[in-house]
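With the input below, show me the fold.
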Amino acid sequence: MRRTALVAAVIATAGLTTATQAAASTPLERLARNLVAAGAPGVIVRVDDGRGRPVEIAEHAPWAHRLEAGDEFRMGSNTKTVMATITLQLVAEHRLALSDCAGKWLPGTASGVTLRMLLNHTSGLSDYAEDPALRNAILGKDPHRWTAAELFAVGAGHPPLFAPGTDWSYSNTNYAAIGVILERVTGASLADLVRDRIARPLHLAHTYLPADGSWRGRHAHGYEPDAAHMPPSVPAEFTDVAGTHRAGHVDVSGNDPGWGASAGAIVSSAPDWARFYTALMSGKLLPAAQLAEMRTVAGPGYGLGILTATTPCGTFWGHDGGITGYSGSTITDSTGRRTATILVPTEFRYEFDADPALAEAQRALQNAVTCAMFGKPVSAGPAT
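Take a look at the predicted model:
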């Protein structure tokens, strides 16, 4: 579950220049087409600058299934923002405290690891997603339905990266631990917690934690290149992905995302996620004290399940994520009035830095979307 592309795109904005356009949607459409021309199977873009009707764009390659702006999508590590929100709701209800030791619910956890450290990735826990035991699940070849407890055990089975609280390292194991704790404290499943605390109160019809590889509504088809077309820099052990073959790619949309669990398995849509961010940042989901805790950052601008960065066009909060066949970045301003989402139905070429042209097209689109969200003029760059 990737979290690096959004930060990389933000860093790249340091040299961003802008040029006045008659309408922001025109350069955004061009940049979306450029991304597809660079090799993406498609892209969904949604930008709401808080001043009118959102801009919605859906582009897809001729060989790929048609995309629509409201399609359901696997959100990868964007899931972490939801899990952090639920955790902080329980803190507000005095059922948890950020200073609680994780070992209270997870025996064997290193002494001194607190809930706060899990949420902001300062625990030192190794990332379970890097363990070979997860490889077949990532490739869609493992029929086993992984639980958050099992995933935590995989990560915790490795030596810690550093003493708790002394450094920062992004690890999916932190949020597997959070998933276990949420279930043990509430007695409810993670799927029910997402439904009852987030989706139902906000009327998010397309946001849920799936029980398997099936979908509830119209959805984006996710793709990875097949073995013959996988970029050479992708490690050999990740080149044979399970799924339906289509035009040099493998359709992985039926694969079970369960190995992401509380770290990255949520399904949502661009409109749903915008509504979630608006509710979160406006205080509808969290009291002011807990929202302030969420925005208290460690490491490279990472708070509790959310990150922040300042660009020439404004300071945003958000997250990104990738899970086999799906990549997405979601951002908002500090009030939740402005939101933006980019969803691309492929992942490995981003994960392994395997396609520089695709990465550059992604950065250009991310820069433009960020500026458009803040109501600033954007440049589409040269047409391709």
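
so what's residue 352 closest to, chain neighbours aside?
residue 234 (4.8 Å; C-beta to C-beta, 6 or more residues apart in numbering). C-betas here are computed from N, CA, C, even on glycine.

Dihedrals phi and psi, that neighbour?
Dihedral angles of residue 234 (phi, psi; degrees, to the nearest 10) stand at phi -70, psi 130.

secondary structure class for residue 260?
helix (DSSP: H, G, I helix; E, B strand; the rest coil).

Just give me the neighbour total for it.
By other C-beta atoms under 10 Å, 31 other residues sit near residue 260.

which residues of this protein score low on pLDDT?
1-25, 380-384 (pLDDT under 70).

Output the longest helix belonging to it.
helix 356-373 (DSSP state H).

just checking, what packs against it?
Secondary-structure packing of helix 356-373 (3 or more C-beta pairs under 8 Å, 6 or more residues apart in numbering; DSSP states H and E): helix 5-12, helix 25-37, strand 42-48, strand 307-311, strand 314-323, strand 326-332, strand 339-344, helix 348-351.

can you list the residues that contact the second one?
Spelled out, it's helix 25-37. Taking contacts as C-beta atoms under 8 Å, 6 or more residues apart in numbering, the residues outside helix 25-37 that touch it are 21, 42-43, 45, 47, 55, 57, 59-61, 344, 358, 361-362, 364-365, 368-369, 372, 378-381, 383-384.

count of residues packed around residue 334?
15.

Wait, it touches residue 281, no?
Yes: checked against C-beta atoms under 8 Å, the pair residue 334 and residue 281 is within contact range at 6.4 Å.

anything in contact with each of these two?
residue 317.

could you pull out the helices for the protein?
Counting by DSSP H, the helices of the chain are 5-12, 25-37, 79-92, 115-120, 135-138, 148-156, 172-186, 190-194, 200-202, 261-264, 270-281, 288-294, 348-351, 356-373.

Now those helices in TSV, please, with extra columns for mean neighbour count.
Shown next, in TSV, are these (neighbours: other C-beta atoms under 10 Å):
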stretch	mean neighbour count
helix 5-12	20
helix 25-37	20
helix 79-92	25
helix 115-120	26
helix 135-138	18
helix 148-156	22
helix 172-186	25
helix 190-194	20
helix 200-202	14
helix 261-264	29
helix 270-281	23
helix 288-294	16
helix 348-351	23
helix 356-373	23
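
got CSV for those helices, with distance to residue 109 too?
Converted to CSV, the helices of the chain look like this (distance: least, C-beta to C-beta, whole Å):
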stretch, distance to residue 109
helix 5-12, 27
helix 25-37, 41
helix 79-92, 16
helix 115-120, 9
helix 135-138, 23
helix 148-156, 7
helix 172-186, 7
helix 190-194, 19
helix 200-202, 31
helix 261-264, 16
helix 270-281, 28
helix 288-294, 21
helix 348-351, 28
helix 356-373, 36
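
which residues touch residue 70?
56, 206, 218, 269-271.

between the helices of the chain, which one is nearest to residue 320?
Among the helices of the chain, helix 5-12 comes nearest to residue 320, with 3.7 Å by C-beta to C-beta.

Quick one: neighbours of residue 232, just the number.
7.

For residue 300, give its distance to residue 275.
28 Å (C-beta to C-beta, to the nearest Å).

One more: residue 207?
9 Å.

ok, now residue 49?
16 Å.

Same question for residue 289.
Note on residue 289: its distance to residue 275, by C-beta to C-beta, is 23 Å.

and what of residue 265?
Counting by C-beta to C-beta - residue 265 and residue 275 are separated by 20 Å.

Likewise for residue 365?
Distance from residue 365 to residue 275, by C-beta to C-beta: 22 Å.

cool, and residue 43?
On the measure of C-beta to C-beta, residue 43 and residue 275 end up 21 Å apart.

which residues sit in contact with the nearest residue to residue 212 once chain neighbours are set aside?
Closest residue to residue 212 apart from its sequence neighbours, by C-beta to C-beta, 6+ apart: residue 256 at 5.3 Å. Residue 256 makes contacts with 137, 140, 145, 212-213, as judged by C-beta under 8 Å, 6+ apart.

out of the residues you listed, who's nearest residue 184?
Of these, the one sitting nearest to residue 184 (C-beta to C-beta) turns out to be residue 145, at 18.8 Å.

Now for the closest one: which residues touch it?
212, 256, 258.

tell me which of those residues is nearest to residue 155?
residue 258 (15.9 Å).

number of nearby residues for the closest one?
20.

Which residue is the nearest non-sequential neighbour of it?
residue 145 is the one closest to residue 258 (C-beta to C-beta, 6+ apart), at 5.1 Å.

same check, this time on residue 58
residue 67 (4.3 Å).

What distance do you get for that neighbour to residue 179?
30 Å.

Quick one: residues contacting the spatially closest residue to residue 49 that is not a sequence neighbour.
Once flanking residues are discounted, residue 49 sits nearest to residue 375: 4.5 Å by C-beta to C-beta, 6+ apart. For residue 375, the contact set (C-beta under 8 Å, 6+ apart) comprises 49-51, 338.

Repeat that for residue 314.
333, 370-371, 373-374, 376.

let's see it at 7 Å
Contacts for residue 314 (C-beta atoms under 7 Å, 6 or more residues apart in numbering) come out as 333, 374.

Beta-bridge partners for it, please?
Assessed by DSSP bridges, residue 314 has beta-bridge partners residue 311.

Keeping just the C-alphas, turn stretch 326-334 into CSV.
Provided in CSV are the C-alpha atoms of stretch 326-334 (Å, rounded to 0.1, in the frame of the first residue of the first chain):
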residue,chain,number,x,y,z
TYR,A,326,-5.3,0.7,-8.2
SER,A,327,-3.6,4.0,-7.2
GLY,A,328,-5.1,7.1,-5.8
SER,A,329,-4.3,10.4,-4.1
THR,A,330,-6.9,12.5,-2.2
ILE,A,331,-6.4,16.0,-0.8
THR,A,332,-8.3,18.7,1.0
ASP,A,333,-7.7,22.1,2.5
SER,A,334,-7.8,22.7,6.3
